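[1] have a look at this fold, sequence not included:
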Ligand code: PEP
């Protein structure tokens, strides 16, 4: 039985005062919840704040990106070992905003995935199609291509230490959500692709849905057999909304 996982992606929002209030709200709302796992992926400068406020709680923390390089002259980049220094558990890799705005290719995402695993982090590896791709009927081919780079590159044992997030690009931050049936179909497809590599790994793998998940649609999405949690953008910035989604995952 896979345990559900709900992770907030704060993106480039927040400041010390707002984060404090948000984390206090989330901590008090989630404290009693025992049947699922929770996390927040915060901007780098706030990792120390997340660490100091969340340690000992049932909420893990992490980052939204990582360098594929271990160290060196890479101005502006942050290494996996640095995230480990702040006790991060998760790192989001291959988010569609990184792919589209920062030109991250499938190959770069795969290398980052590998780097994260080797550092002992849990990558949350994002895949998903654009609206044009969905409308032209190539969702499965796009998702398969994004997945294959990690399946071919790192192998089953590394995939077993990761989380996959299906995030249809057209649903991210748009208020449009995939229907539970649309999301379930792609989640089942992802699991089936992973099972070609290793059936046991596929069975245990957590596949999160991301794309305008809100308190009003979370329960229906999370009730699907292959949806094992959520990667939450906008709603993770409002304590009551994030907590309501966490409750729905119970
Ligand atoms: C995301 O950024 O990963 C995301 C799912 O955003 P939103 O929930 O705002 O659509």
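    Ah, there it is. Since the model is a prediction, treat every value here as computed from it, not as a measurement.

[2] does anything pack onto the longest helix along the chain? Which helices or strands?
    The helix spanning the most residues in the chain, taking DSSP state H as the definition, is helix 180-197. When contacts are defined as 3 or more CB pairs under 8 Å, 6 or more residues apart in numbering; DSSP states H and E, helix 180-197 packs onto helix 139-154, helix 156-159, strand 163-166, helix 199-204, strand 206-210, helix 215-222. In short, each C-beta sits where N, CA and C put it, glycine included.

[3] between those, which one is closest to the ligand.
    Nearest of those to the ligand, taken as CB to the nearest ligand atom: strand 206-210 at 3.4 Å.

[4] distance from the chain centre to the closest one, please.
    7 Å (CA atoms, centre = their mean, to the nearest Å).

[5] that one to helix 180-197, inter-axis angle?
    150 degrees (axes from the mean of the first three to the mean of the last three CA atoms, to 10 degrees).

[6] kindly reformat the helices and strands packed on helix 180-197 as CSV containing distance to residue 87 and mean neighbour count.
    CSV is the format used below for the helices and strands packed on helix 180-197 (distance: least, CB to CB, whole Å; neighbours: other CB atoms under 10 Å):
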stretch, distance to residue 87, mean neighbour count
helix 139-154, 23, 18
helix 156-159, 21, 17
strand 163-166, 18, 26
helix 199-204, 24, 14
strand 206-210, 21, 25
helix 215-222, 27, 18
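
[7] as TSV, the ones you listed with mean pLDDT and distance to the ligand would be great.
    Shown next, in TSV, are the helices and strands packed on helix 180-197 (pLDDT from 0 to 100; distance: least, CB to the nearest ligand atom, whole Å):
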stretch	mean pLDDT	distance to the ligand
helix 139-154	94	15
helix 156-159	92	20
strand 163-166	98	7
helix 199-204	97	23
strand 206-210	98	3
helix 215-222	98	11
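
[8] adding distance to residue 42, write the ones you listed out as TSV.
    Shown next, in TSV, are those (distance: least, CB to CB, whole Å):
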stretch	distance to residue 42
helix 139-154	24
helix 156-159	25
strand 163-166	17
helix 199-204	27
strand 206-210	16
helix 215-222	21
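
[9] show me the one of those that comes nearest residue 55.
    Set against residue 55 and scored by CB to CB, the helices and strands packed on helix 180-197 come closest in strand 163-166, at 21.1 Å.

[10] can you give me the offset of that closest one from its chain's centre?
    Taking mean C-alpha positions (CA atoms, centre = their mean), strand 163-166 and its chain are 6 Å apart.

[11] quick one: the longest helix of the chain to helix 139-154, angle?
    Using the same axes, to 10 degrees: helix 180-197 against helix 139-154 is 30 degrees.

[12] which residues touch helix 180-197?
    Outside helix 180-197, the residues that touch it by CB atoms under 8 Å, 6 or more residues apart in numbering are 127, 139-140, 143-144, 147-148, 151, 155-156, 159, 164, 166, 168, 178, 201-203, 205, 207, 209, 220-221, 223-227.

[13] who does the most centrally placed residue in the chain bridge with?
    The C-alpha lying nearest the average C-alpha coordinate of the chain belongs to residue 124 (CA atoms, centre = their mean; 4.1 Å). For residue 124, the beta-bridge partners under DSSP bridges are residue 92, residue 163.

[14] pretty sure it contacts residue 232?
    No - judged on CB atoms under 8 Å, residue 124 makes no contact with residue 232 at a distance of 11.6 Å.

[15] overlap in contacts of these two?
    Common neighbours of residue 124 and residue 232 (CB under 8 Å, 6+ apart) are residue 7.

[16] can you tell me the closest non-neighbouring residue to the residue in the chain that the ligand sits nearest to?
    Using CB to the nearest ligand atom, the closest approach of the chain to the ligand is made by residue 233 at 2.1 Å. Of all residues not flanking residue 233 in the chain, residue 9 sits nearest, at 5.1 Å (CB to CB, 6 or more residues apart in numbering).
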